[in-house]
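J.: let me see the structure of the following:
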Amino acid sequence: MKIKLIFFGKTDNEYLKEGIQIFSKRLKHYIPHEVNELVIKQSLKINPEEQKEREAQLLLKHLKPQDYLILLDEKGKEFSSTEFANWIQKKMNSGIKNLVFAVGGPLGFSDEIREKAKMQLSMSRMTFSHQMVRLFFLEQLYRAFTIIRNEPYHNV
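T.: Just a heads-up that it's a prediction; the model follows:
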């Protein structure tokens, strides 16, 4: 299995970029993955639905028919770290080739993308900036693989 992370917009803050790089490097020891930042200009001249549609079309260009798409969304399913690790393990055992996690832009996802997704996942009932979620989610992916391998990181 391969994991693909798709983020809309650039990560601007250096401390977040550094954290993302650290956990991406750690994660590569467990599973092949890639991090993609899709940049689309925000415009005040177009309505929010049109902006979400533009983002949807860009996301669709990066998906393959066999991709298993999960949207990170505040209304999604919540897991504990151990539950998330168990869920990842089940997906690996099921033969899924590409597990794709997407963090949308500030306006969220279009209806078309929501319908295409297999699941929506919430990091917390609290609200975080989209840039922070990137780092938090990579850390949780890394944590999940240490749990799967029964390594001590989870309990440190």
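
J.: in the chain, which helix has the most residues?
T.: Longest helix in the chain by number of residues, with DSSP state H as the criterion: helix 130-148.

J.: name the helices or strands packed onto that one?
T.: The contact analysis (3 or more CB pairs under 8 Å, 6 or more residues apart in numbering; DSSP states H and E) places helix 130-148 against strand 2-8, helix 14-27, helix 81-93, strand 98-103. Just so you know, the C-beta spots here come from the backbone N, C-alpha and C atoms, and that holds for glycine as well.

J.: and Leu58, which of those is closest to it?
T.: With respect to Leu58, and counting by CB to CB, the nearest of those is strand 2-8 at 8.0 Å.

J.: list the buried residues in that closest one.
T.: Counting neighbours by 16 or more other CB atoms under 10 Å, one finds that the buried residues in strand 2-8 are Ile3, Lys4, Leu5, Ile6, Phe7, Phe8.

J.: residues contacting the first one?
T.: Neighbouring residues of Ile3 by CB atoms under 8 Å, 6 or more residues apart in numbering: Leu27, Ile31, Pro32, His33, Glu34, Asn98, Leu99, Val100, Phe101, Leu141.

J.: which pLDDT value goes with the nearest residue to Arg134 once chain neighbours are set aside?
T.: If the residues on either side of it in the chain are set aside, Arg134 comes closest to Phe7, at 5.4 Å by CB to CB, 6 or more residues apart in numbering. Confidence per residue is given as pLDDT, and for Phe7 that number is 95.
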